[in-house]
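*Asks:* Sequence and computational prediction follow.
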Amino acid sequence: MKKFILPTYIILTLIIISCSETKLKPQTDSSINSEDIPDQESRNATITFTEEGKLKAILYAEVIRVLGDKNQKDLENVKIDFYNEQELQTSSLTSRKGRIDDNTQDMFAIDSVIAVSDSGVTLTTDELIWKNKTRKIITDKFVRIVSDKEIIEGYGFESDQNLQNYTIFDITYVTSTDKK
């Protein structure tokens, strides 16, 4: 019987000691805002936009993060191809970052934005907004437009999504390119 008393005493002592110790709380990083953590994340994604069964645009993104609390999608390394009523590609847009507002379906292209139309017009700017409701692209930032006829620079821009009918509001530079 004496053989069992000592091991039993040691086991009971360890149980009592372990129960009386204060538990450590895990450390949490309070600098991370839970609203910035995506609900979903996709890599090398393709999204096709259609309207009444007709192709309107195809969006390619290296990363798409769905932020449900903010009703938006954040994009990285974006390319969008736009299509006309005959479903022919009319223009494309690339940017390093982007955002889609889930409520309005407006798209924001941010950082190193380049839009190219099938007619050869190239637009470069730092930020561009595609308005879903009007199918127009706008910005209040500096823009540069290069075509086979001229180079135009200025601030503020509005155009149809095909870059055929555009306006620069504050023109700062115009020159002829004389390309033939």
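*Replies:* Received the coordinates, thanks. Numbers count the residues shown, from 1 in each chain.
*Asks:* In stretch 103-112, which residues are buried?
*Replies:* 106-110 (16 or more other CB atoms under 10 Å). Using the backbone N, CA and C atoms, a C-beta is placed for each residue, glycine as well.
*Asks:* what does stretch 87-103 give?
*Replies:* Residues 90-95, 97-100 are the ones in stretch 87-103 that count as buried (16+ other CB under 10 Å).
*Asks:* re earlier: next step: the buried residues of stretch 103-112 restricted to strands.
*Replies:* 107-110 (DSSP state E).
*Asks:* quick check, nearest of these to residue 173?
*Replies:* residue 109 (22.6 Å; CB to CB).
*Asks:* quick one: contacts for the closest one?
*Replies:* By CB atoms under 8 Å, 6 or more residues apart in numbering, residue 109 lies in contact with 78, 80, 93, 95, 97-98, 127-130.
*Asks:* Let's see that with 7 Å instead.
*Replies:* Contacts of residue 109 were listed using CB atoms under 7 Å, 6 or more residues apart in numbering, and they are 78, 93, 95, 98, 127-128.
*Asks:* Residue 41 now?
*Replies:* 63, 65.
*Asks:* any weak-confidence spans in this protein?
*Replies:* In the predicted model of the chain, residues 1-7, 9, 12-24, 28-36, 38, 179-180 satisfy pLDDT under 70.
*Asks:* Helices of that one, start to end?
*Replies:* Taking DSSP state H as the test, the helices found in the chain are 2-20.
*Asks:* can you give me the strands in it?
*Replies:* For the chain, the strands defined by DSSP E occupy 40-51, 54-67, 72-83, 89-101, 107-117, 122-131, 136-146, 150-160, 166-176.
*Asks:* elements contacting the third one?
*Replies:* Looking back up the chat, that one is strand 72-83. strand 54-67, strand 89-101 (3 or more CB pairs under 7 Å, 6 or more residues apart in numbering; DSSP states H and E).
*Asks:* Output the ones you listed as TSV; include the columns distance to residue 46.
*Replies:* Rendered in TSV, the data for these read as follows (distance: least, CB to CB, whole Å):
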stretch	distance to residue 46
strand 54-67	5
strand 89-101	14
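*Asks:* To residue 162, which of these lies closest?
*Replies:* strand 89-101 (4.4 Å).
*Asks:* what separates that closest one from the chain centre, distance-wise?
*Replies:* Strand 89-101 sits 9 Å away from the centroid of its parent chain (CA atoms, centre = their mean, to the nearest Å).
*Asks:* One more: stretch 115-127?
*Replies:* Its chain's C-alpha centre and that of stretch 115-127 lie 19 Å apart, by CA atoms, centre = their mean.
*Asks:* Any chance you could list what contacts it?
*Replies:* Under CB under 7 Å, 6+ apart, the answer for stretch 115-127 is 89-93, 109-111, 113-114, 128, 139, 141-148, 162-164.
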